[in-house]
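Novice: sequence first, then the predicted structure:
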Amino acid sequence: MKSLWLFAFSMALLSGACQNNMKDQTSSNTKKPMDTSYNKTEEEWKKILTPEQYYVLRQKGTERPGTGEYNLTFDKGSYKCAACGYELFSSDQKFDSHCGWPSFDAELGNGDRIKKIRDTSHGMIRTEIVCARCGGHLGHIFDDGPTATGQRYCVNSLSLNFTPADSSKTK
Ligand SMILES: [Zn+2]
């Protein structure tokens, strides 16, 4: 047990050192505590999320196109962050983009529920989108949307939980 702690401690030190090296333009995006109750450790997230959700939400993974639960869901309702339950999208904002992932042309709120971060991984320049409350990875946003907003929020089904509208009848 003691050696395990030592291992965890040295890993934390190591990753801290790595982060310091690349702490320039992204530092304001990654380390700012939002609401501390959603500021969980990776161990805590592992207990809450399924391995697939953990891979996408915490390790910025991507589900295979066309395999997501909500790819072809067009029922009325709302989509919440699968990690923290923050309401992010409405079914009214969803459209069929034929890209293999759930796609939305806008987000709920005033643009403050989803954080946009420049992403240069995999040799591409893209804009990553994360839940502003818990920092969970959602997907990417593109400006080639076919609707009036011109936006295409391309989101992993694994990052979302859908709540049908009729389960919470609107007044
Ligand atoms: Zn969240």
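Specialist: Cool, the structure landed.
Novice: helices and strands of the chain: which one bottoms out on pLDDT?
Specialist: In the chain, no helix or strand scores lower on mean pLDDT, DSSP states H and E than helix 27-30, which sits at a mean of 45.
Novice: in the helix or strand following that one, what's buried?
Specialist: Moving toward the C-terminus from helix 27-30, the next helix or strand (DSSP states H and E) is helix 42-48. Within helix 42-48, the residues scored as buried using 16 or more other Cβ atoms under 10 Å are residue 45. To be clear about C-beta, it is placed using only N, CA and C from the backbone, and glycine gets the same treatment.
Novice: which neighbouring elements make contact with helix 42-48?
Specialist: The helices and strands touching helix 42-48, judged by 3 or more Cβ pairs under 8 Å, 6 or more residues apart in numbering; DSSP states H and E, are helix 51-57.
Novice: give me the distance between residue 101 and residue 70.
Specialist: 9 Å (Cβ to Cβ, to the nearest Å).
Novice: kindly report the residues of this structure close to the ion.
Specialist: For the chain, the contact set with the ion under Cβ under 5 Å from the ion comprises 81, 83, 84, 86, 131, 133, 134, 136.
Novice: what's the burial count for residue 164?
Specialist: 12 (other Cβ atoms under 10 Å).
Novice: tell me the secondary structure of the closest residue to residue 52 other than its chain neighbours, please.
Specialist: In space, and not counting its chain neighbours, residue 52 is closest to residue 158: 5.5 Å by Cβ to Cβ, 6 or more residues apart in numbering. For residue 158, the assignment made with DSSP: H, G, I helix; E, B strand; the rest coil gives helix.
Novice: ok, residue 158 - contacts?
Specialist: By Cβ atoms under 8 Å, 6 or more residues apart in numbering, the residues touching residue 158 are 52, 53, 55, 56, 57, 63, 68, 69, 82.
Novice: export those to TSV and tack on distance to residue 95 and pLDDT?
Specialist: Shown next, in TSV, are the contacts of residue 158 (distance: Cβ to Cβ, whole Å; pLDDT from 0 to 100):
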residue	distance to residue 95	pLDDT
52	25	98
53	24	98
55	26	98
56	21	98
57	23	98
63	19	97
68	15	97
69	17	97
82	21	97
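Novice: returning to that earlier point: which neighbours do residue 101 and residue 70 have in common?
Specialist: residue 157.
Novice: perfect, that will be all.
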